[in-house]
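Participant: need a structure here:
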Amino acid sequence: MTSSDQSPSHNVFVYGSFQEPAVVGLILECTPIIVSAQLHGYHLYRLKGRLHPCISPCENGVINGKILTGLTDAQLENLDMIEGDDYVRKTAQVVLTDTCKKMDVETYVWANKDDPDMYGEWDFEEWKQLHMEKFIEASKKFMEWKKNPDGRSREEFEKFVLADPPTAA
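Facilitator: The predicted structure follows:
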């Protein structure tokens, strides 16, 4: 058994596309146990021109999401890579939906809390209907890139998660 097999497990609260098991399965290369929870003190925003949401502190906000439980360091690294520099991973406390028990987790908070591209409220069901297929394709491309960057930068992946990606001239 290697030291990476014995790494501490992580519990991560997700609120956007990572609530979808098909996306999580691609990014983590397995499907972890997923538990419903609420995160208080944050708002779930849409982002202009992007297929994914962000969260930012909001005094009276409540976000319904999922906890991905028991993640390895390598799986957490995959999430960190896909979230990129736009998000900061922070520790937060959530309330489990089924038991009302509190739990400390990690979650991804939008780095620029004053970003003018944040607006409204992101809707998971709408995303599933309109954008899930495209996001799954982007996730596949990301994992291919991670395994074999072949000189390409992370920005190559980022263009796939834009609402209207640039077209070749």
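Participant: beta partners of Y87?
Facilitator: For Y87, the beta-bridge partners are W110 (DSSP bridges).
Participant: measure it to N112 for me?
Facilitator: To N112, Y87 is 10 Å away according to Cβ to Cβ, to the nearest Å. C-betas here are computed from N, CA, C, even on glycine.
Participant: so which of the two has more stuff around it?
Facilitator: For Y87 versus N112, neighbours defined as other Cβ atoms under 10 Å are more numerous around Y87 (19 against 13).
Participant: so the residue nearest in space to the middle of the chain: helix, strand or coil?
Facilitator: Nearest to the geometric centre of the chain sits F18, at 4.9 Å (Cα atoms, centre = their mean). Classification of F18 using DSSP: H, G, I helix; E, B strand; the rest coil returns helix.
Participant: for it, give its distance to K141.
Facilitator: F18 is 16 Å from K141, by Cβ to Cβ.
Participant: ok, now T99?
Facilitator: Remark: distance between T99 and K141 (Cβ to Cβ) = 38 Å.
Participant: compare those two (neighbour count), which wins?
Facilitator: Taking other Cβ under 10 Å, T99 and K141 do not tie; K141 has more neighbours (16 against 10).
Participant: and that one, which of the three is it?
Facilitator: Assignment for K141 (three-state DSSP): helix.
Participant: quick one: contacts for the residue nearest to K128 when sequence neighbours are not counted?
Facilitator: Spatial nearest neighbour of K128, chain neighbours left out: E20 (6.8 Å); criterion: Cβ to Cβ, 6 or more residues apart in numbering. Residues near E20 by Cβ atoms under 8 Å, 6 or more residues apart in numbering: 128, 132, 135.
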